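Asks: dropping the sequence and predicted coords here.
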Amino acid sequence: NAGVTQTPKFQVLKTGQSMTLQCAQDMNHNSMYWYRQDPGMGLRLIYYSASEGTTDKGEVPNGYNVSRLNKREFSLRLESAAPSQTSVYFCASIWTGDSNQPQHFGDGTRLSIL
Amino acid sequence: AQKVTQAQTEISVVEKEDVTLDCVYETRDTTYYLFWYKQPPSGELVFLIRRNSFDEQNEISGRYSWNFQKSTSSFNFTITASQVVDSAVYFCALSAPAGNNRKLIWGLGTSLAVNP
């Protein structure tokens, strides 16, 4: 009963370093999402993937890239990390074929950019 | 445009008090979904409830209850006889079933502190 798994849980980077945040779900969900959460800002959508092979920008995509590797996995890449990208990152997934379903979230990745 | 407003940034109550968290939303869609999530100090996001726009029945789950009123575009959450374990940030969110999109629009959250 893993649900949505995010790795790593914590990471500290130096400005300019690159990093990929991993997300995998085992619920056969078609849509996946990446959010960032900052104090006082709530959750903001970075990118989403409505289905395998498609990705679209959300509210705050600048500085990020994503890959929907397969139906299970949706990764988020920071090519050149900046202090403004210090945040908590959440991955979520949903089966959009069932309107009763909520988004299921991973436990988050706490990322600090020095 | 879609928007969710949680006007209460922080609420502090004493244990056993009742507390209501307000959520007001804006949307032009006729079909939409509303959600409440809880984020305890440990940081994970816990789904509490989903309500679709065609179902205005209020719902009660133990000490939790939700009041959905389309006339005022509100989806308020009440905790009865609050407990310390209810201390968390609570988020209200709105989703429209636009294709396979199902993006969530989030409020900024209400931080609830329940003091012993």
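Replies: Perfect, I can see it now. Numbers count the residues shown, from 1 in each chain, chains lettered A, B, ... in the order given.
Asks: give the bridge partners for the residue nearest the centre of chain A, please.
Replies: Centroid-nearest residue in chain A: A:Trp34, 2.8 Å away (criterion: CA atoms, centre = their mean). Per DSSP bridges, the residues bridged to A:Trp34 are A:Tyr47, A:Cys91.
Asks: gap between it and chain B?
Replies: 12 Å (CB to the nearest CB, to the nearest Å). From N, CA and C alone the C-beta is placed, and that goes for glycine too.
Asks: wait, that residue sits on A:Ser67?
Replies: No: in this structure A:Trp34 lies outside contact range of A:Ser67 using CB atoms under 8 Å: 11.0 Å.
Asks: I'd like the next helix or strand past the lowest-mean-pLDDT helix or strand in chain B.
Replies: One helix or strand of chain B scores below all others by mean pLDDT, DSSP states H and E: strand B:59-61, with a mean of 86. Moving toward the C-terminus from strand B:59-61, the next helix or strand (DSSP states H and E) is strand B:64-69.
Asks: the helix or strand that that following strand is followed by near chain A anywhere?
Replies: Helices and strands here follow DSSP H and E; after strand B:64-69, the next one along the chain is strand B:74-79. No: using CB under 8 Å from any CB of the partner chain, strand B:74-79 never reaches chain A; the gap is at least 14.0 Å.
Asks: residue ranges of the strands in the chain, please?
Replies: You didn't pick a chain, so chain A it is. A:4-7, A:10-13, A:19-25, A:31-38, A:42-49, A:56-57, A:64-68, A:74-78, A:87-94, A:104-105, A:109-113 (DSSP state E).
Asks: switch to chain B, please.
Replies: When assigned using DSSP E, the strands of chain B occupy the ranges B:3-5, B:10-14, B:19-21, B:24-26, B:33-39, B:46-52, B:59-61, B:64-69, B:74-79, B:88-95, B:104-106, B:110-115.
Asks: how many residues are close by B:Leu112?
Replies: Residues lying near B:Leu112 (other CB atoms under 10 Å in any protein chain shown) number 21.
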